[in-house]
Each structure stands twice: as structure tokens, then as C-alpha cells.
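Chemist: test case, fold it:
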Amino acid sequence: NAALSCSPSPMRGPLLAAAGGAMGGAGGPLARTIRAKLTAALQPTHLEVRDDSPRHGGPPGAETHFGVLVVSGRFAGLPPLQRHRLVHEALRAELAGPLHALQVTARTPEQWQSDPRVPSAPPCLGGSKREQRRG
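Modeler: This is a model prediction of the structure:
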């Protein structure tokens, strides 16, 4: 468990939240909103919010691409799809607006303790949901 060990987190990009209750105020307004909403909805024992926006070619300060690691007892007995739905439900307004991409890693405390590795962020394929697609 990263909250109990001294090893650095394998998440890439600026981490905007820390383990357990030390949520800190780092990050922009969207990062803080993501952290607050996930904390309220899922009461995580470990939460990391990573802003990947700078890697995706947006204007400076844009908050459009994030990765989250959520470790919560609320995920016990739920398949991955249901866990992701809980995260998406908590962030419904953000996903409908400014949030373009969200990578979710959702684990139970037992899963996190036995394997604290986090998948790396997928490469950016470009584009935006606001752009018109040409076919």
C-alpha cells in the first residue's frame, strides 16, 4: 500500500492528491473538484489525481486530461465496469463539460495492498470531443 510504504507512486505527471486524508490543495480548480467529488462519493483510503493535460497539446493551464487512482472499500464485490461507473457518476458534470479524458484505476484496499502498481497513461491520440469529425 503506497500509503504505508516509502516507495514513490508509479503514476506519471503531477500528482495532485496524496494518500489517505492528506488531500492537499495542489492543482487547478478542476483537479480540486475531481479530488473533492471522489472523496465525498467514494470515501477512498487512497486517492491520486494526475493532471495529464500538458502532455496533450492544449493551451497552458488547460485542465482537460486526468488520471485517477481510487482505492475504496465501496468497490468490494463490484466488477471493474461498475467501479468505473461509480467514478463517472461522481464526475458527471465535469465529464459533460471541461473534462475531455479520464483514465480510471479503481481498486479495493485489499487489491491495492497486494499490488500497488498503476497502469501508465495511454498515449494521446489527439482531437477533442468538441471538434467536428470528418469522414
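
Chemist: give me the low-pLDDT residue ranges for the chain?
Modeler: Across the chain, the ranges flagged by pLDDT under 70 are 1-26, 124-135.

Chemist: what helix or strand is the residue positioned nearest the centre of the chain located in?
Modeler: Nearest to the mean C-alpha position of the chain, counting by C-alpha atoms, centre = their mean, stands residue 68 at 1.4 Å. Remark: residue 68 resides in strand 65-71, with elements defined by DSSP states H and E.

Chemist: which strands and helices sit next to that strand?
Modeler: helix 29-42, strand 46-51, strand 101-107, helix 109-114 (3 or more C-beta pairs under 8 Å, 6 or more residues apart in numbering; DSSP states H and E). All C-beta spots, glycine's among them, are computed from the backbone N, C-alpha and C.

Chemist: what comes up buried for the longest one?
Modeler: It refers to helix 29-42. Within helix 29-42, the residues that qualify as buried are 30, 31, 32, 33, 34, 35, 37, 38, 39, 41, 42, counting by 16 or more other C-beta atoms under 10 Å.
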